[in-house]
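Undergrad: Quick one: sequence and predicted model below, then my questions.
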Amino acid sequence: GAVVSQHPSWVICKSGTSVKIECRSLDFQATTMFWYRQFPKQSLMLMATSNEGSKATYEQGVEKDKFLINHASLTLSTLTVTSAHPEDSSFYICSAARDGDSTEAFFGQGTRLTVV
Amino acid sequence: GNSVTQMEGPVTLSEEAFLTINCTYTATGYPSLFWYVQYPGEGLQLLLKATKADDKGSNKGFEATYRKETTSFHLEKGSVQVSDSAVYFCALNTGFQKLVFGTGTRLLVSP
């Protein structure tokens, strides 16, 4: 199968601190991964495309200095929410697809971030 | 641009009822189409997919047919169960692994 593991599954942090979320493809290589954000009772909105060995591509309206993405290897991408505020509280989900197969993306289980 | 439109929920059904969740799309090119399901407190799971026109995706009793002429990918199930209660997302992929999602439809099935 194709398993994507996201860690942590939930986190509570204080305002002003930074939080790192990891996304790992466990049994396949993924040059490209994606980070989505889901607001309560709403759909998923793509935040950025994470590219191994190069800078991430951010969607319009997403602050790249606030949501730092690092794709250090073919199996790991990290999203760091810097100087978190309560309005950053959300459900963050990553996805990855096997290199060479663009027809299906596999999702992590998501991370529920609560900023207090 | 690319977009997906889903019927608004919640959809409330009794167990064993027939389910239809409508989904239409707008896309450049020839997208692959997906239905994802999200159970309470969990991430997204792929339910079924279709990669070209007239393909029918099916899984766990759910079906959807890729209709290019009507740009639709409606989800159906003949007899729903309480365990099917979840949020269902229709999505399209234009070939670059980047998904465009519909707003999601919440399904509530009562015994």
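TA: Looks like it arrived, so ask away.

Undergrad: Show me what the helix or strand of chain B with the lowest mean pLDDT is packed against.
TA: Least confident helix or strand of chain B, by mean pLDDT, DSSP states H and E, is strand B:99-101 with a mean of 89. Secondary-structure packing of strand B:99-101 (3 or more CB pairs under 8 Å, 6 or more residues apart in numbering or on different chains; DSSP states H and E): strand A:44-51, strand B:3-6, strand B:86-93. All C-beta atoms are positioned from the backbone trio N, CA, C, and that covers glycine.

Undergrad: Partner strands of the following helix or strand past the first one, with direction?
TA: Downstream of strand A:44-51, the first helix or strand assigned by DSSP states H and E is strand A:57-58. Counting by DSSP bridges, the strands paired with strand A:57-58 are strand A:44-51 (antiparallel).

Undergrad: Of all the residues in the partner strand, which ones are buried?
TA: A:44, A:46-50 (16 or more other CB atoms under 10 Å in any protein chain shown).

Undergrad: same question, stretch B:63-82
TA: Buried positions in stretch B:63-82, judged by neighbour count with 16+ other CB under 10 Å: B:63-66, B:71-75, B:77, B:80.

Undergrad: now, which of these lie within strands?
TA: If you go by DSSP state E, those have B:63-65, B:75, B:77 in strands.

Undergrad: Could you tell me the angle between the helix or strand following the least confident helix or strand of chain B and strand B:86-93?
TA: Once the chain leaves strand B:99-101, the next helix or strand it forms, by DSSP H and E, is strand B:105-110. Strand B:105-110 runs at 150 degrees relative to strand B:86-93, counting by axes from the mean of the first three to the mean of the last three CA atoms, to 10 degrees.

Undergrad: Mind listing the strands strand B:105-110 pairs with, and their directions?
TA: Going by DSSP bridges, the partners of strand B:105-110 are strand B:11-14 (parallel), strand B:86-93 (antiparallel).

Undergrad: picking that back up, just give me the closest of the buried residues of strand A:44-51 to residue B:19.
TA: Relative to residue B:19, the closest of the buried residues of strand A:44-51 is residue A:44; by CB to CB it sits at 22.0 Å.

Undergrad: does the closest one really touch residue B:101, like I thought?
TA: Yes - taking contacts as CB atoms under 8 Å, residue A:44 lies within contact range of residue B:101: 4.9 Å.

Undergrad: Strand partners (parallel or antiparallel) of the least confident helix or strand of chain B?
TA: Strand B:99-101 has the following sheet partners, assigned by DSSP bridges: strand B:86-93 (antiparallel).

Undergrad: The strand it pairs with - what's its average pLDDT?
TA: For strand B:86-93, mean pLDDT rounds to 93.

Undergrad: Using PDB, write out every CA atom in that strand.
TA: Extracted in PDB, the C-alpha atoms of strand B:86-93 (Å, rounded to 0.1, in the frame of the first residue of the first chain):
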ATOM      1  CA  ALA B  86     -19.300  10.900   7.500                       C
ATOM      2  CA  VAL B  87     -18.300  13.800   5.300                       C
ATOM      3  CA  TYR B  88     -17.900  13.000   1.600                       C
ATOM      4  CA  PHE B  89     -15.700  15.100  -0.600                       C
ATOM      5  CA  CYS B  90     -15.700  15.100  -4.400                       C
ATOM      6  CA  ALA B  91     -12.300  16.100  -5.900                       C
ATOM      7  CA  LEU B  92     -10.500  16.400  -9.200                       C
ATOM      8  CA  ASN B  93      -6.900  16.000 -10.200                       C
END
